[in-house]
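Undergrad: pasting a predicted model and its sequence here:
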Amino acid sequence: MSKISHLTKSETRIFENIREPSIAVLSETNENFEILIAKALVEIMTDLGIRKFPEAYTQKRIVYFLQTYYQEMSIGELKLAFELAFMDMLSVDIEHYNSFDIKYLTRILNAYRVYRNEKRKAIDRKLEHDKPEPTPEEQAQHHRNFINRIVDAYEKYKNDDVFEVRITWLVYDFLLENNLLEISENQWNVFIEEAEKIYKRRLLNNKSNYNRRGRMQKLKNFEILRFQYPNELSKIRNIAKELALKAYFKMLKEKEINLKEIFIKTGVYEQRK
């Protein structure tokens, strides 16, 4: 039986949509992000019976609010929020007076967020209750598969000089925790300094017109941002971890070290966590 079969229809819809890429992810990785938002708004306004699409400035403000205050939501959730509002499942007035503006958008999304957070508690309880405990053999296999993916990534780097590691911070943390990677405080500071430069360049080179003002504000107040915005500092740290991992791969390659043999000899390959 599917693990989501125990969920109600509304819980299933929420569960499916929260698994989609968030607005934060799409805005950074999908060059058609603004088009996707526009299409979602057209669908929503068609259902609302609003025929006139917002002016360009209002559209920009909508995108700004979505990226700033609702970045954890997916585009699917935006549409679902209004669908639930139509069905009178949210505690909110859906009267729009033939106008789709920031005030109306945030009213619906705030009500949806409250509803979703309550539903997620029920969803998590049901899924956790139905989730089977992995057997020791399954745990060991998952552990080996993870290490094999690291080894494959290193082999690709060694043979093709191509660095392709998924979730670099997770691999970095894993190597560090198992004493396979040693980074001194001075080395870490160097990586952080370079990561800050890279992050600044990414902000500067982002050609999207959406939230440009926000990006420029981050650059202007970068030193303050580092200490007052944990999410931004986390991005910088993750870039630093990627740089450190690249340096580790480079060292292994130059010294002609077999990474899988290291995992095996240190006993890490057969560990079960």
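TA: That came through fine.
Undergrad: run the chain-centre distance for the host helix or strand of Leu170.
TA: Taking DSSP states H and E as the definition, Leu170 sits inside helix 168-177. Between the centre of helix 168-177 and the centre of its host chain there is 18 Å, according to C-alpha atoms, centre = their mean, to the nearest Å.
Undergrad: and the spatially closest residue to Leu80 that is not a sequence neighbour, what pLDDT?
TA: Using C-beta to C-beta, 6 or more residues apart in numbering and skipping residues adjacent in sequence, the residue nearest Leu80 is Asn17, 5.3 Å away. (Each C-beta comes from the backbone N, C-alpha and C, glycine too.) In this model, Asn17 is scored at 85, pLDDT.
Undergrad: next: Phe263.
TA: Taking Phe263 on its own, its pLDDT is 91.
Undergrad: pLDDT on the helix or strand hosting Tyr154, on average?
TA: Per DSSP H and E: Tyr154 is located in helix 136-160. Taken as a whole, helix 136-160 has an average pLDDT of 90.
Undergrad: give me the contacts around that helix.
TA: Residues outside helix 136-160 that contact it (C-beta atoms under 8 Å, 6 or more residues apart in numbering): 134, 162-166, 171, 174-175, 249, 252-253, 259-260, 263, 268-273.
Undergrad: quick one, which of the residues you listed are buried?
TA: 165, 171, 174-175, 249, 252, 259, 263, 268-269 (16 or more other C-beta atoms under 10 Å).
Undergrad: as JSON lines, these with distance to Ile62 would be great.
TA: Listed next are the buried ones among the contacts of helix 136-160 as JSON lines, based on distance: C-beta to C-beta, whole Å:
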{"residue": "Val165", "distance to Ile62": "36"}
{"residue": "Val171", "distance to Ile62": "37"}
{"residue": "Phe174", "distance to Ile62": "40"}
{"residue": "Leu175", "distance to Ile62": "43"}
{"residue": "Phe249", "distance to Ile62": "43"}
{"residue": "Leu252", "distance to Ile62": "48"}
{"residue": "Leu259", "distance to Ile62": "48"}
{"residue": "Phe263", "distance to Ile62": "49"}
{"residue": "Val268", "distance to Ile62": "49"}
{"residue": "Tyr269", "distance to Ile62": "51"}
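Undergrad: tell me which of these fall in strands.
TA: The strands, defined by DSSP state E, take in nothing from the buried ones among the contacts of helix 136-160.
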